[in-house]
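# give me the fold of what follows.
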Amino acid sequence: MIKMSKQVRSLFLVLFLLALATQTANAQKPKGLPWPAPAAAIAVKNPVKSDAISIKDGRELYIKNCKSCHGDEGKGDGTKARNLDISCSDFSIAAFKKTTDGEVFWKMTEGRKPMPSFSKKLTDAERWSIVNYIRTFAK
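Numbering: from 1, shown residues only. The predicted structure follows:
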């Protein structure tokens, strides 16, 4: 057995407890809070055709405005996501497929902390193109 001074053992214990507390805090991060859209928003159909041009435009806009939180593949694991109090939406899961385009558009338009509103930053057509692009993440 390796002999350690009392101070070294105490330091290891403190570091271990700190690591354990950090892991527990991250594990308890809320996965997502309910964010219901109004029925009228849910019913809205996407007026922008989901074609190669719209998806390309949506991709460029997503990279600039959404990727830092939602990640490269829309899994909610972007570089800024770990610093947020709640988890970012994962656009690749089956549950996301159930959301309507109108609901996604409404959430992007309205925003909710920590996600900003994009109503003044992006045009309606740009937000609809992002909706078309993020639909490509669902398998």
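# pLDDT weak spots in this protein?
1-4, 8-33, 139 (pLDDT under 70).
# ranges for the helices of it?
6-27, 39-42, 52-65, 67-70, 94-97, 101-110, 124-134 (DSSP state H).
# which residues sit against the fourth one?
Going back to what we said before, that points to helix 67-70. Outside helix 67-70, the residues that touch it by Cβ atoms under 8 Å, 6 or more residues apart in numbering are 62, 76, 78-81, 84, 88-89, 91, 114-115, 134. Where C-beta positions appear, they are placed from N, C-alpha and C, glycine not excepted.
# gap between the two ends of stretch 114-128?
This stretch, stretch 114-128, spans 21 Å end to end (Cα to Cα, to the nearest Å).
# now stretch 72-88
13 Å.
# so which of the helices of the chain is the most packed in?
helix 124-134 (a mean of 22; mean count of other Cβ atoms under 10 Å).
# just give me the residue right at the centre of the protein.
Cys88 (2.6 Å; Cα atoms, centre = their mean).
# my read: that one touches Thr79, true?
No - shown here, Cys88 and Thr79 do not form a contact pair, counting by Cβ atoms under 8 Å, at 11.1 Å.
# one step back: nearest spatial neighbour of the residue nearest to the centre of the chain, skipping sequence neighbours?
Gly76 (3.6 Å; Cβ to Cβ, 6 or more residues apart in numbering).
# neighbours of that neighbour, how many?
Number of residues near Gly76 (other Cβ atoms under 10 Å) recorded here: 20.
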